[in-house]
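[1] okay, here's the prediction I keep looking at, along with the sequence it came from:
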Amino acid sequence: MKPPYEITSSILKLITSISEKIGEVNANLLNKPSPKLRKQNRIKTIHSSLRIEGNTLTVEQITALIENKRVIGPKKDVVEVLNTIKIYENLDTYKPFNEKSFLKAHKNLMENLIEDAGKYRKQSVGIVKGAKIEHVAPPFGNLPYLMKDLFKYLKKSDEIELIKSCVFHYEMEFIHPFLDGNGRIGRLWQTLILMEKYPIFEFLPFETLISNDQEKYYKALAESDKSGKSTKFIEYMLGVIDMSISELLNFNNRTLNEKDRLEYFVSLNKIKFTRKDYMVIFKDISSATASRDLKKGTELKVFEKIGELNKTIYKLITTYTN
């Protein structure tokens, strides 16, 4: 049975906006981030998702763990980060429309943190905030049927991935199938569903925006609970996705120096190009800055310069193959 939600004018506008931005991302080849940007975004995603759940490790500490260095911090927090690093290093091994893969991901995510990692809960739970019970999850006896129905919706529905990913995220949080780790597995699974259609979501840290204003995230969940349908949550999550893609498109040279720009451009594997092509990728730099970058790239034997003046083209010598 299709989970209850409505397609509002707000949802339609957001889908249009996101689709246009994804088209721009693909046109500018931003769907192949440089190794440096991939690493930065992965660290942001891990830090943000775990911070929402109360993890105290800093970006610097998470970076150290990714680089196999030792850090001092609460054992539980370190284990959470190490588990999450493994998950994100092996994203391509999980199948978003497969329930067994979902359980395997939870097991890997919560290993050495809870006893029943990878297994649906065997007791009733409620979500308490302060002295108030915010949400009473469905009885544990219903979980196998509810989750099977949810995965059936994922596989059979002809709804677009942008909607399906939000619906799955909300419905899974409502069902609350695990004793712990529901929030992080829900956000992870939405990423995996989106990656099936749009590979850029592997490196798009939209969880940072959730983490920066968690109250809006919980408010959207609560409003959907109250209305009995996921419409408000879909609107919220699509807004977050839209904003995160905007940030990617605005990235350009805002935080990049000459070395970073050259590294990023090489990762795009454009074999032959002009200065104008280079400036399409880095929209905010001047023609003089672009010329200096390309001169430096030629000196470093990254590019070969062919021709002169307005007939100049550049040929890529170094290619990025990862």
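    On my side now, so go ahead. Numbers count the residues shown, from 1 in each chain.
[2] all helices of the stretch 101-250 of the chain, in order?
    Listed in chain order, the helices of the stretch 101-250 of the chain (DSSP state H, counting those that start in this stretch) span 143-156, 161-175, 182-197, 207-212, 214-227, 231-251.
[3] out of these, deepest packed?
    Most buried of those, by mean neighbour count (mean count of other CB atoms under 10 Å): helix 161-175, with a mean of 23. In short, each C-beta sits where N, CA and C put it, glycine included.
[4] tell me how far that helix lies from the chain's centre.
    Distance of helix 161-175 from the chain centroid (CA atoms, centre = their mean, to the nearest Å) equals 15 Å.
[5] and the angle from that helix to helix 214-227?
    Interaxial angle of helix 161-175 relative to helix 214-227 (axes from the mean of the first three to the mean of the last three CA atoms, to 10 degrees): 80 degrees.
[6] packing partners for helix 161-175?
    helix 9-27, helix 143-156, helix 182-197, helix 214-227, helix 231-251 (3 or more CB pairs under 8 Å, 6 or more residues apart in numbering; DSSP states H and E).
[7] now do 6 Å
    helix 143-156, helix 182-197, helix 231-251 (3 or more CB pairs under 6 Å, 6 or more residues apart in numbering; DSSP states H and E).
[8] now render those helices as a markdown table, adding mean pLDDT and distance to residue 293.
    What follows is the helices and strands packed on helix 161-175, written out as a markdown table (pLDDT from 0 to 100; distance: least, CB to CB, whole Å):
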| stretch | mean pLDDT | distance to residue 293 |
| --- | --- | --- |
| helix 143-156 | 96 | 45 |
| helix 182-197 | 94 | 32 |
| helix 231-251 | 90 | 16 |
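[9] make CSV out of the ones you listed and add distance to residue 265.
    Formatted as CSV, these follow (distance: least, CB to CB, whole Å):
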stretch, distance to residue 265
helix 143-156, 37
helix 182-197, 24
helix 231-251, 13
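[10] right, so of the ones you listed, which gets closest to residue 42?
    Checking the helices and strands packed on helix 161-175 against residue 42 by CB to CB gives helix 182-197 as the closest, at 11.2 Å.
[11] quick one, domains of the protein?
    9-251, 258-316 (automatic domain parsing).
[12] hey, which of the ones you listed is tucked in deepest?
    For those, the largest average neighbour count (mean count of other CB under 10 Å) is found in domain 9-251, namely a mean of 17.
[13] any stretches of this protein with poor pLDDT?
    For the chain, applying pLDDT under 70 flags the ranges 28-34, 130-131, 251-255, 318-322.
[14] re earlier: between the helices of the stretch 101-250 of the chain, which one is closest to residue 51.
    Closest among the helices of the stretch 101-250 of the chain, using CB to CB: helix 207-212, at 5.2 Å.
[15] for that closest one, packing partners?
    Right, helix 207-212 is packed against helix 35-52, helix 231-251 by 3+ CB pairs under 6 Å, 6+ apart.
[16] so what's residue 170 up against?
    224, 230, 233 (CB atoms under 6 Å, 6 or more residues apart in numbering).
[17] surely the second one meets residue 5?
    Yes - the pair residue 230 and residue 5 passes the contact test of CB atoms under 6 Å, sitting 4.5 Å apart.
[18] tell me which of the helices and strands packed on helix 161-175 sits nearest to residue 52.
    Using CB to CB, the helices and strands packed on helix 161-175 put helix 182-197 closest to residue 52, at 6.2 Å.
[19] which strands and helices sit next to the closest one?
    So helix 182-197, by 3+ CB pairs under 6 Å, 6+ apart, packs with helix 161-175.
[20] angle of the helix it packs on against helix 182-197?
    On the basis of the same axes, to 10 degrees, helix 161-175 is oriented at 160 degrees to helix 182-197.
[21] re the thing from before, the contacts of residue 170 into CSV, with extra columns for distance to residue 17?
    Shown next, in CSV, are the contacts of residue 170 (distance: CB to CB, whole Å):
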residue, distance to residue 17
224, 21
230, 20
233, 18
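[22] which one of the residues you listed is nearest to residue 120?
    So of the contacts of residue 170, ranked by how close each gets to residue 120 (CB to CB), first place is residue 230, at 20.8 Å.
[23] tell me the bridge partners for the closest residue to residue 307 other than its chain neighbours.
    Distances taken as CB to CB, 6 or more residues apart in numbering place residue 313 nearest to residue 307, at 5.8 Å, with adjacent residues excluded. Taking DSSP bridges as the rule, residue 313 bridges to residue 306.
[24] dump the residue contacts of residue 313.
    With the criterion set at CB under 6 Å, 6+ apart, residue 313 makes contact with 272, 274, 306-307.
[25] next, format the helices and strands packed on helix 207-212 as a markdown table and append distance to residue 172.
    As requested, the helices and strands packed on helix 207-212 are exported to a markdown table (distance: least, CB to CB, whole Å):
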| stretch | distance to residue 172 |
| --- | --- |
| helix 35-52 | 15 |
| helix 231-251 | 11 |
